[in-house]
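# Coordinates for the following, if possible.
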Amino acid sequence: MSEIRPAAVAGTWYSGKADDLAAEVDGYLAAAAGAAAVPNPVALIAPHAGLMYSGPVAAYAYRQLLDRSVDTLVLVGPSHFVAFDGVALYARGGFAMPLGVAEIDESFAHDLLTHTTIVHEDRGPHRREHSLEMQLPFVSRLAPRARIVPLLIGRQTEETARALGDVLGRLAFNRNVVLVASTDLSHYENATRARQLDAVVLDHVSRFDPEGLQSALDQNPHHACGGGPAVAVMRAARALGATRSVVLHYADSGDISGDKSSVVGYMAAAFGRS
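Purely as a prediction, here's the structure:
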C-alpha cells in the first residue's frame, strides 16, 4: 500500500465523498453533450483547477472517451511546487481518490525509463501536486479500467517538451493509449486581458502548431502554466498520426465566480486521426 499515492486535494479542490463527486462529474459531462466529436482521439488537453471551476470545461475534452475502450492514459502536467530538470515519473502502484485507485501502467512506465534520460523516477514532486489528480475524477467515470502513467514536467524548457513528446510518440505508437496534457491558461488577469493572452494558445492549438506554441511560451510563459505539457502532447499526437486539432471549449473562472476582475483561463481540446 505504500506505493499508492494518497489523494492530496480531495475534500478541498473536489468532493471527498464518492457519491457527490460522481454526481458532479456526471453533471458536467451531461452539460457538455454538445461537444464536437473528434474522430479517433489520441490526445486531449484539459484544465486542472478546482473542479467547480475547471470541471465544466474539462468535460468537453473527456467526452471524447465516451464509448471508447482505452488501456492507458498518459497524464502530463506541470509541477507547481517543486522545481527540477526533466520529467518526474510515478512509476509503480497507483493514485488514490474517492472513486477508487487509478493503477499505474508499470510496463509503459518501465519503457519510458529505459528509452529516454529526460524521464526519471521521482515520487517527491507528485505528493502535493494537483495537476494530474484533477484529471482522475473524469478518468474514473469514463475510463475506469484504464491504467495511468503520471508525468510531471519541472522546468518547462523546449528541450524537455521536445524530448518527452518524441519518446511518447514512439512508445505509444502500437498501444491503445490516449495522452492528456493538463494545463490552465493565463492567471489573475481581468477577463478582457485574459482572453487576449489565451487567444494565442487557442490559436496555436487549433492550428496544431506545437512549434508556434513553444515560441509563444518562450516569449511569455504566463500564457499557460502547463504549456510544456501541451507542447509535448501535441508533438506526440502528431507522431501518432493525429491530423485534426479541435478547441472544444474555452471559459474562465469568472464564469463561475462572477468576478471578472481576476480570472484563470481554461481550455479543452482534442487531437484525432481523420
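
# any idea of the mean pLDDT in the top helix by length along the chain?
With secondary structure taken from DSSP state H, the chain has its longest helix at helix 191-206. The average pLDDT within helix 191-206 is 97.

# buried set for it?
191, 194-195, 197-198, 200-202, 204-205 (16 or more other Cβ atoms under 10 Å). Where C-beta positions appear, they are placed from N, C-alpha and C, glycine not excepted.

# so what secondary structure elements neighbour it?
Packing partners of helix 191-206 (3 or more Cβ pairs under 8 Å, 6 or more residues apart in numbering; DSSP states H and E): helix 210-219, helix 227-239, strand 244-252, strand 263-272.

# Pipe the ones you listed into a markdown table and attach mean pLDDT, mean neighbour count and distance to Arg123 per row.
Output for the helices and strands packed on helix 191-206, formatted as a markdown table (pLDDT from 0 to 100; neighbours: other Cβ atoms under 10 Å; distance: least, Cβ to Cβ, whole Å):
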| stretch | mean pLDDT | mean neighbour count | distance to Arg123 |
| --- | --- | --- | --- |
| helix 210-219 | 97 | 18 | 27 |
| helix 227-239 | 98 | 28 | 18 |
| strand 244-252 | 98 | 21 | 32 |
| strand 263-272 | 98 | 26 | 27 |
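
# Which one of these lies nearest to Thr183?
helix 227-239 (5.2 Å; Cβ to Cβ).

# Report the contact partners of Val57.
The contact partners of Val57, taken as Cβ atoms under 8 Å, 6 or more residues apart in numbering, are 46-47, 249-251, 266-268.

# Dig out what the most centrally placed residue in the chain forms beta bridges with.
Computing the C-alpha centroid of the chain and ranking residues by Cα atoms, centre = their mean puts Ser182 first, at 2.3 Å. On the basis of DSSP bridges, Ser182 is bridged to Ala46.

# just checking, it touches Ser131?
Yes: between Ser182 and Ser131 there is a contact under Cβ atoms under 8 Å: 4.5 Å.

# which helices and strands does the helix or strand where Val149 lies pack with?
In this structure, Val149 sits in strand 147-153 according to DSSP states H and E. Judged by 3+ Cβ pairs under 8 Å, 6+ apart, the packing partners of strand 147-153 are strand 72-78, strand 87-89, strand 94-97, strand 100-103, helix 106-115, helix 158-171, helix 227-239.

# Give me the buried positions along the second one.
Buried residues in strand 87-89, counted by 16+ other Cβ under 10 Å: 87-89.

# now those as CSV including distance to Val57 and pLDDT?
Output for the buried residues of strand 87-89, formatted as CSV (distance: Cβ to Cβ, whole Å; pLDDT from 0 to 100):
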residue, distance to Val57, pLDDT
Val87, 25, 98
Ala88, 26, 98
Leu89, 27, 98
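
# Relative to Pro150, how far out is the residue nearest to the centre of the chain?
Going from Ser182 to Pro150 by Cβ to Cβ, to the nearest Å gives 10 Å.

# contacting residues around the helix or strand hosting Asp26?
Using DSSP H and E, Asp26 sits in helix 18-31. Residues external to helix 18-31 that are found in contact with it (Cβ under 8 Å, 6+ apart): 14-15, 51-52, 55-56, 58-59, 62-63, 98-99, 137-138, 140-142.

# about what we covered before: turn the buried residues of helix 191-206 into TSV, including distance to Val167.
Converted to TSV, the buried residues of helix 191-206 look like this (distance: Cβ to Cβ, whole Å):
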residue	distance to Val167
Ala191	38
Ala194	33
Arg195	34
Leu197	30
Asp198	29
Val200	27
Val201	24
Leu202	27
His204	22
Val205	21
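
# biggest separation within these, which pair?
Top of the distance list for those (Cβ to Cβ): Ala191 and His204, 20.9 Å.

# can you pull up the bridge partners for Leu151?
Residues in beta-bridge contact with Leu151 (DSSP bridges): Val76, Leu89.

# what about it, how many residues close to it?
Using other Cβ atoms under 10 Å, Leu151 has 26 neighbouring residues.
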